[in-house]
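Only the shape, not the letters, is given here:
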């Protein structure tokens, strides 16, 4: 028995009748930017094909309405370009934040959050022997951080620089 590569196995699976929708969806997904254009590509995502209807998520209801008005020409273009037999397109912002298996992964970083404070070098504290030592180490870290952070203009509490840059006050005063 010989070993097949993953792309070969996927081709074999997609050729089977039960996997035809997956094959159509994968091809559609790969060519979505060419079909709808860059602006619509950034604000829409095909979710699945069911009964020859393509369901797509949009970032806002405005994009859903905009693409719905173009659905007749988009359906014709998709059918001609990809040799699919779609009868309709449905757009909705309801599933925009749903992470499907095929959704592009966007890396989110804690460093992008306004309340993020970059970590310092590891503490010179030895590993805590009990809960009291651990709590004492934590309090010392908080006191050091307090001296490094700027005060909030409203409440004078130590505030991360990202919050001051974004809101001008700490997140508690902003809310």
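Arrived safely. Being a predicted model, the structure only gives us computed values, none of them experimental. Residues are numbered from 1 along each chain as shown.

By residue count, what's the longest helix in this structure?
Ranked by residue count under DSSP state H, the longest helix found in the chain is helix 131-148.

Which stretches in the protein count as helices?
Going by DSSP H, the chain shows helices at 6-15, 20-30, 32-36, 38-43, 61-69, 71-82, 131-148, 161-167, 171-174.

Tell me which residues are up against the second one.
Just to be clear, that refers to helix 20-30. With contact meaning CB atoms under 8 Å, 6 or more residues apart in numbering, helix 20-30 is reached by 13-15, 35, 46, 48-50, 54, 78, 82, 84, 102. Yep, even glycine has a C-beta here, placed from its N, CA and C like the rest.

swap the cut-off to 10 Å and go again
10-11, 13-16, 19, 35, 45-52, 54, 56, 78, 81-86, 100, 102-104 (CB atoms under 10 Å, 6 or more residues apart in numbering).

Any stretches of this structure with poor pLDDT?
1-2, 98-108, 121-128 (pLDDT under 70).

at 50 what do you get?
By pLDDT under 50, the low-scoring segments of the chain are 1, 100-105.

Kindly state the domain boundaries assigned to it.
What automatic domain parsing lists as the domains of the chain is 12-95, 114-174.

Just give the number of residues close to residue 174.
13 (other CB atoms under 10 Å).

residue contacts, it?
114, 152, 154, 163, 166, 167, 168.

One more: residue 50?
Residue 50 neighbours (CB under 10 Å, 6+ apart): 21, 90.

What is the neighbour count of the closest residue to residue 77 other than its chain neighbours?
Residue nearest to residue 77 in three dimensions, not counting chain neighbours: residue 35, with 6.1 Å by CB to CB, 6 or more residues apart in numbering. Other residues lying near residue 35 total 15 when counted by other CB under 10 Å.

Hmm, residue 56 and residue 35 touching each other?
No - Residue 35 lies out of contact with residue 56 (CB atoms under 10 Å); the separation is 11.0 Å.
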